[in-house]
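[1] Generate a structure from the sequence data that follows.
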Amino acid sequence: MACIQNGSRFLFATKNDQKIAYHRRFLIVIEIYYFFFS
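    Residues are numbered from 1 along each chain as shown. As a prediction, this is how the structure comes out:
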């Protein structure tokens, strides 16, 4: 039971990290866009 809980928590953490990384990439793209087109 504890093993399954740990696994799901790890999965959730990695999924969250992916979401944060994607968001950060999106913000960087917006910053570059503003830098070139402002």
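[2] what does the model give residue 21 for pLDDT?
    Confidence at residue 21, expressed as pLDDT, is 81.
[3] where's it, which helix or strand?
    Per DSSP states H and E, residue 21 falls inside helix 2-37.
[4] Export only the CA atoms of stretch 15-22, formatted as PDB.
    The C-alpha coordinates for stretch 15-22 follow below in PDB (Å, rounded to 0.1, in the frame of the first residue of the first chain):
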ATOM      1  CA  LYS A  15       3.600  15.500 -14.000                       C
ATOM      2  CA  ASN A  16       3.600  18.700 -12.100                       C
ATOM      3  CA  ASP A  17       7.200  19.400 -13.000                       C
ATOM      4  CA  GLN A  18       6.400  18.900 -16.700                       C
ATOM      5  CA  LYS A  19       3.600  21.400 -16.400                       C
ATOM      6  CA  ILE A  20       5.900  23.900 -14.700                       C
ATOM      7  CA  ALA A  21       8.600  23.400 -17.300                       C
ATOM      8  CA  TYR A  22       6.100  23.800 -20.100                       C
END
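[5] Residue 35: neighbouring residues, count only.
    Residue 35 is flanked by 8 other residues according to other Cβ atoms under 10 Å. For glycine as for every other residue, the C-beta is placed from the backbone atoms N, C-alpha and C.
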